[in-house]
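Participant: how would this look folded up:
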Amino acid sequence: MADVPVRAMERRVALVERAGRLREKLAETDAEVARPEAAEAVFGQFVEATDAGRPDGMVVAPGALTCRPAERSPCGAPVSRRAGCATA
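Facilitator: Residues are numbered from 1 along each chain as shown. Now for the predicted structure:
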């Protein structure tokens, strides 16, 4: 009968150690998720700032400080200059 308390204590210690490892893993995962979320927020703010006051159909040329009319494919979708194909 003396082994039951010993086994229970060993099990408790093992579970506490496992919980600590899981907390560390969760913290790492939370940090991994936070980085893209922060990047999305910053990009969204950039898009809003660059779109402010611009008429529809105008896009910011990459690396330029001016706007130009958006290029359109025959089906009316915006066209990427670099890729040469319609963008979604």
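
Participant: Going by residue numbers, what spans are strands in the protein?
Facilitator: All strands of the chain, identified by DSSP state E, fall at 58-60, 67-69.

Participant: Out of those strands, name the one with the poorest average pLDDT.
Facilitator: In terms of average pLDDT, strand 67-69 trails the rest of those, at a mean of 53.

Participant: for this protein, what helix or strand is lowest in average pLDDT?
Facilitator: Using mean pLDDT, DSSP states H and E, strand 67-69 stands out as the lowest-scoring helix or strand of the chain, at a mean of 53.

Participant: Now for Val16, how many residues are close by?
Facilitator: Residues lying near Val16 (other Cβ atoms under 10 Å) number 9. (Glycine included, C-beta is placed from N, CA and C.)

Participant: and what of Lys25?
Facilitator: By the measure other Cβ under 10 Å, the count of residues near Lys25 is 10.

Participant: where does it land on pLDDT?
Facilitator: Note on Lys25: pLDDT of 97.

Participant: again, but for the one 10 residues further on
Facilitator: What the model reports as pLDDT for Arg35 is 89.

Participant: show me what contacts it?
Facilitator: Neighbour list for Arg35: empty [criterion: Cβ atoms under 8 Å, 6 or more residues apart in numbering].

Participant: so where's this structure uncertain?
Facilitator: 1, 51-88 (pLDDT under 70).

Participant: give me that answer again for 90
Facilitator: The model of the chain has pLDDT under 90 over residues 1-3, 35-88.

Participant: Which parts of the chain are helices?
Facilitator: In the chain, the helices defined using DSSP state H lie at 3-51.

Participant: And it, split by domain according to the record?
Facilitator: The chain breaks down by automatic domain parsing into domains covering 3-52, 55-88.

Participant: Next one: Phe43 from Glu32, what distance?
Facilitator: Relative to Glu32, Phe43 is positioned 18 Å away (Cβ to Cβ, to the nearest Å).

Participant: hmm, I was thinking of Gln45
Facilitator: To Glu32, Gln45 is 22 Å away according to Cβ to Cβ.

Participant: Likewise for Gly44?
Facilitator: Note on Gly44: its distance to Glu32, by Cβ to Cβ, is 20 Å.
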